[in-house]
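Participant: Got a predicted model here, sequence first, then my questions.
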Amino acid sequence: MAITEERALESGIDALVHPDDEIGVWKRPDSNRGWTSWLTTVDHKRIGIMYGAVALFFFVIGGIEALVIRTQLAGPEQDLISGQVYNQFFTMHATTMVFLFVMPILAGFANYMVPLMIGARDVAFPRLNALGFWIFFFGGLFLYSSFFLGGMADCGWFCYAPNSLKQFSSGHGVDFWVLGLQITGIASLSGAINLIVTTINMRAPGMTMMKMPIFVWMSLVAQVLLLFAMPVITVALFLLMFDRLFDANFFNVAAGADPLLWQHLFWIFGHPEVYILVLPAMGIVSEILPTFSRKPLFGYPFVVFSGIAIGFMGWGVWAHHMFASGLGPIGVSAFAASTMFIAVPTGVKIFNWLGTIWRGNIRFDTPMLFALAFVGMFVIGGLSGVTHSIAPADTQQTDTYYIVAHFHYVLFGGSIMGIFGGLYYWWPKMFGRQLDEGLGKVHFWINLIGFNLTFGPMHILGLQGMPRRTQTYAEGMGWDVWNLMSTIGSYLIAVALLVFIYNIWRTYKRAVPAAADPWDGRTLEWSIPSPPPIHNFDVEPTVEHLDQWFHDKYEETLDGKIVKRDPAPTLLAEPQQHSDEGEPIWPSSVHMPSPSYWPMVVAAGLPMISFGLIFHLAISFVGVTVVLAGIYGWSLEPSAEERH
Amino acid sequence: MTSPQPPRVRPSRVRFGVLVVGLGLLLAACAENAPQDTLEPEGPISRQIDDLVTPIFWVAIVIGLAVLAAILYASWAFRRSRQGEDYIPPQIHGNTRLEIGWTIAPAVLLAVIAVPTVSTILDLADRPADAMDVTVYGAQWWWEYEYPSTSTRGPVVTANELHIPIDQPVHLTMTSRDVIHSYWVPKLAGKKDVVPGRWHTLTIQADEPGEYFGQCVEFCGASHANMRLRVIAHTPDEFEDWLDHNAADRTAPPAGSLEATGEDLITAKGCTTCHVLRGVSTADQIEALRGRLIRVDGDPTPFAPDLTHVGSRGTFAGSLFDLNIGELKAWLRNPPERKDGSLMPNLNLTEDEIDALANYLLSLD
């Protein structure tokens, strides 16, 4: 654990033991080079990159599913795929986008950026961090293995009981879904704990909570939400799993159960989940807007506290997903009111973003375009959200395409625009190479137009009564034109994504080295070279201000003008040095945690346990053995070996 | 890294985009006839909801356009190409009064909206005193309706097409026989989930005689998209006639006719194992089928529509198909092929059998 190392250094005692290299089965990995080093790395930056890469892979998969769905719906009464297959596709589209794309890529951003932004050398628990990634990775593969093993889940991402019970979904798809989400849930929980501890304990000297970069704040709120939301879905998934595997009758109505129990549990998790998906993206946007406007975030404390307010109020609005489920008028009224008022802190954020760019000096690089699009699209999604809170009107809107339009404006127009903005913004920092601006702008405009063409017409479709989750619709319902438009838009989004992928490839091929601080950034990650050295900071930074790096670069003259400091501040780290063998070298005063196989071993056992629960318990036994062996090896292994 | 290019914003294009989107929305407002349009209510309940939300839609549109305009204006007015690459604006950290203002203003606006919302919620929850009662059962993937018996006639049981009188609230008491469904006729009322093990209520009402479209809106499995329904509103007199007609048993076909062969096949092929056909089903069969409320795991007998007056309906199989000889024959040839996941199995009927059965079913008016 990184903190220990620093304490050992401070006390001047070499507290680190030097155990046998031969612990366990393998020699402990010690290299930071080659592809195998990615399997054993505990470096928060590499883990962040792996989260991002795997998440983008799943984004493509989920996008292909969306394209199949949109192709099926391009015209009325098409039968490209059957109802059964369609149900699997929309189930896995949502499951993938929520659990395998947006959550992990935001975890990737947090992993990479939080330590850099708070001036730390790693996260609090580096091996736990690696464990979280590998659990997510194997969990995602496990979920999708159902595609080859008899069919994917067909119960919708909300998987309402009793439709999800064995009686109505007899294949193994739902079992894969339940167990897969349990596995990825462990990843989210461990990541949440890790990032919370990191944020609270490892900030650079002087960085009080109210001097933390806003992304760190929003990420912290999201992690706290995860910490409390994941246990709820875990319980719900266990109940469903027991029903399916052991006939436990938690949701079996014929045995006296009330299936609404599932809905409450699911949405008590599910609504905070929405904020888990969007708060970090709001944080990204709140970093980009000030940088490209050359102004501090307007009303930082208001943005922080409105984020926290959303985090609290997010727990009190879940039943607005259930206005038609028979709650009774008092319950409906209460949740209608709470849903209305969660719009207040959200509105505060939007006004503050406007205040940030107002009277700024705005540069329209690709990250800024995505950030501005985030604000605009999120306003639309937020306002349609307010119309849902009019509960009687929601009984006309819910389960129609109006809802599909709403949450895509919030999650695609919101989260994914923020994610793309973040990718363009931090790509030079992460890889030391600048993504092509021209292609970036092409990507942005096609994406923005495609997005609005896809999801804009869905507002109309929903208000014209088209239900969601339907694989076909009749002619003469007035839905044909809008569906065709929407399908064309979805292909445009796919084109935009291809442009982005091409941009990555071209950036990889034709490397344009990025400066340490290409955007004139304001926070600490821009005070070190791109990419950062393995230990991040040669010297622990000291913080006096919010936007410390801006204050390092600029000063106010006596007549109130802001001018560049002369000389410019030196970077807080030397660029990465390599030995003759290509091993990275870091200053001798810095001691980093060593790589380890064990997180991957422990993680690999979990899908085996799950396969066993579905097919044969003997496989579970092997899985448990692997997990226990991994934990055993891990516990005998010190966090860091002495370097030779 | 090379210094970034100065911005090239073309506000005229942005405005053009706004114009196009705006025109698109206008076109949407006058789109062709959409039979499930929530914005064109044709009954007082649906209209009450529409009246509540329409002003809120407009307020939302105005606020949305104002914010979008502010973003575009700021992007144009404060662009770097206008203000110079070296200009560093004053580092304003906030304005407390402004921020308290834009916290309180939306809160007040929402509080104002909350008042009519809550009063409408409470209003719609009441059962109107003059309402007529119908029991609704949802099942994969069709609807069953049961009208209570009166002193002059027995109960009426029918499927998919709900017949109601105009200008009278109809109070539906609903449950499901398997998974969760949701009952929705957009022009007449909002939706309400139909949940197994629970009885939920929903009031609908139509202004004019005619046919109203609806469908199941809670995801319920392979044929969720095919679980449609109609509401057919009559003048009160016509409605009473409909009830009386449907309370009666089926009219027996003339002996020796094709229809009579069809009726024999109904029994011979085991149709009455799942379907009730009053006049053909035995009393025991009817009692056994009507006595079940929910499908228990392992029960081989699915719920199936009452066929007594099937020929008088306009649609069948969850209002998925128009009722005519061609569709009916195609259905009888292989139901699961016509409707994903259909619980009616392929009975491997011969063409002669299909012909007789289809003609018989159509004769059951």
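Facilitator: The structure has been received and is ready for your questions. Numbers count the residues shown, from 1 in each chain, chains lettered A, B, ... in the order given.
Participant: CA atoms for contacts and neighbours, from now on please.
Facilitator: Noted.
Participant: what's the following helix or strand after the helix or strand harbouring A:Gln263?
Facilitator: In the assignment (DSSP states H and E), A:Gln263 maps to helix A:260-293. Per DSSP H and E, the first helix or strand lying C-terminal to helix A:260-293 is helix A:300-313.
Participant: CA-only coordinates of that following helix in PDB, if you can.
Facilitator: Extracted C-alpha coordinates of helix A:300-313, given in PDB (Å, rounded to 0.1, in the frame of the first residue of the first chain):
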ATOM      1  CA  TYR A 300     -17.100  25.900  -7.100                       C
ATOM      2  CA  PRO A 301     -18.700  25.400  -3.700                       C
ATOM      3  CA  PHE A 302     -22.200  25.400  -5.200                       C
ATOM      4  CA  VAL A 303     -21.100  22.900  -7.800                       C
ATOM      5  CA  VAL A 304     -19.600  20.700  -5.100                       C
ATOM      6  CA  PHE A 305     -22.600  20.900  -2.800                       C
ATOM      7  CA  SER A 306     -25.100  20.400  -5.600                       C
ATOM      8  CA  GLY A 307     -23.200  17.300  -6.500                       C
ATOM      9  CA  ILE A 308     -23.400  16.100  -2.900                       C
ATOM     10  CA  ALA A 309     -27.100  17.100  -2.800                       C
ATOM     11  CA  ILE A 310     -27.800  15.000  -6.000                       C
ATOM     12  CA  GLY A 311     -26.000  12.200  -4.300                       C
ATOM     13  CA  PHE A 312     -28.300  12.300  -1.300                       C
ATOM     14  CA  MET A 313     -31.500  13.100  -3.100                       C
END
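Participant: Excluding chain neighbours, what is closest to A:Ser594?
Facilitator: Leaving aside its sequence neighbours, A:Ser594 sits nearest to A:Ala640 (C-alpha to C-alpha, 6 or more residues apart in numbering or on different chains; 4.6 Å).
Participant: what do you get for B:Thr261?
Facilitator: B:Thr261 sits nearest to B:Ala356 (C-alpha to C-alpha, 6+ apart), 6.1 Å away.
Participant: how many neighbours does the one you found have?
Facilitator: 22 (other C-alpha atoms under 10 Å in any protein chain shown).
Participant: my guess is it meets B:Gly262, correct?
Facilitator: Yes - assessed by C-alpha atoms under 8 Å, B:Ala356 is found in contact with B:Gly262 at 4.5 Å.
Participant: picking that back up, how about the residue nearest to A:Ser594, what does it touch?
Facilitator: Going by C-alpha atoms under 8 Å, 6 or more residues apart in numbering or on different chains, A:Ala640 touches A:16, A:592-595.
Participant: same thing but at 7 Å, please
Facilitator: Contacts for A:Ala640 (C-alpha atoms under 7 Å, 6 or more residues apart in numbering or on different chains) come out as A:592-594.
Participant: Can you report how many residues neighbour the residue of chain A found nearest chain B?
Facilitator: In chain A, the residue that lies nearest chain B is A:Gln464 (3.8 Å; C-alpha to the nearest C-alpha). A:Gln464 sits with 29 neighbouring residues when counted by other C-alpha under 10 Å.
Participant: which residue packs closest to it, ignoring adjacent ones?
Facilitator: B:Asp37 (3.8 Å).
Participant: Against which helices or strands is the helix holding A:Gln263 packed?
Facilitator: If you count contacts as 3 or more C-alpha pairs under 7 Å, 6 or more residues apart in numbering or on different chains; DSSP states H and E, helix A:260-293 packs onto helix A:214-246, helix A:343-357, helix A:366-388, helix A:417-431.
Participant: quick revisit: for my notes, confirm the residue nearest to A:Ser594 occurs in a helix.
Facilitator: No - assigned with DSSP: H, G, I helix; E, B strand; the rest coil, A:Ala640 falls outside any helix and is coil.
Participant: hmm, back to that, need the helices and strands packed on helix A:260-293 in a markdown table (columns: mean pLDDT).
Facilitator: Formatted as a markdown table, the helices and strands packed on helix A:260-293 follow (pLDDT from 0 to 100):
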| stretch | mean pLDDT |
| --- | --- |
| helix A:214-246 | 97 |
| helix A:343-357 | 96 |
| helix A:366-388 | 96 |
| helix A:417-431 | 97 |
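Participant: List the contacts of B:Met227.
Facilitator: So B:Met227 contacts B:141-142, B:215-216, B:318 (C-alpha under 7 Å, 6+ apart).
Participant: can you check B:Arg338 too?
Facilitator: Shown in contact with B:Arg338 (C-alpha under 7 Å, 6+ apart): B:Trp331.
Participant: swap in A:Leu100?
Facilitator: Neighbour list for A:Leu100: A:55, A:58, A:140 [criterion: C-alpha under 7 Å, 6+ apart].
Participant: just to revisit the earlier point, inside strands: which ones of the contacts of A:Ala640?
Facilitator: Secondary structure defined by DSSP state E assigns none of those to strands.
Participant: Filter those residues down to the buried ones, PyMOL style.
Facilitator: Selecting the buried subset of the contacts of A:Ala640 in PyMOL, with 16 or more other C-alpha atoms under 10 Å in any protein chain shown as the burial test, is done by:
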select buried, chain A and resi 592+593+594
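Participant: so where's chain B shaky on pLDDT?
Facilitator: B:1-32 (pLDDT under 70).
Participant: Show me where it has its helices.
Facilitator: B:11-29, B:44-77, B:80-83, B:96-125, B:236-247, B:258-268, B:283-290, B:325-333, B:335-338, B:351-363 (DSSP state H).
Participant: which residues touch B:Asp178?
Facilitator: Contacts of B:Asp178 were listed using C-alpha under 7 Å, 6+ apart, and they are B:139, B:196, B:294-295.
Participant: Now neighbour count and distance to A:His320 too, for those residues, in JSON lines please.
Facilitator: Below are these laid out as JSON lines (neighbours: other C-alpha atoms under 10 Å in any protein chain shown; distance: C-alpha to C-alpha, whole Å):
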{"residue": "B:Ala139", "neighbour count": "26", "distance to A:His320": "25"}
{"residue": "B:Pro196", "neighbour count": "30", "distance to A:His320": "21"}
{"residue": "B:Ile294", "neighbour count": "20", "distance to A:His320": "28"}
{"residue": "B:Arg295", "neighbour count": "20", "distance to A:His320": "30"}
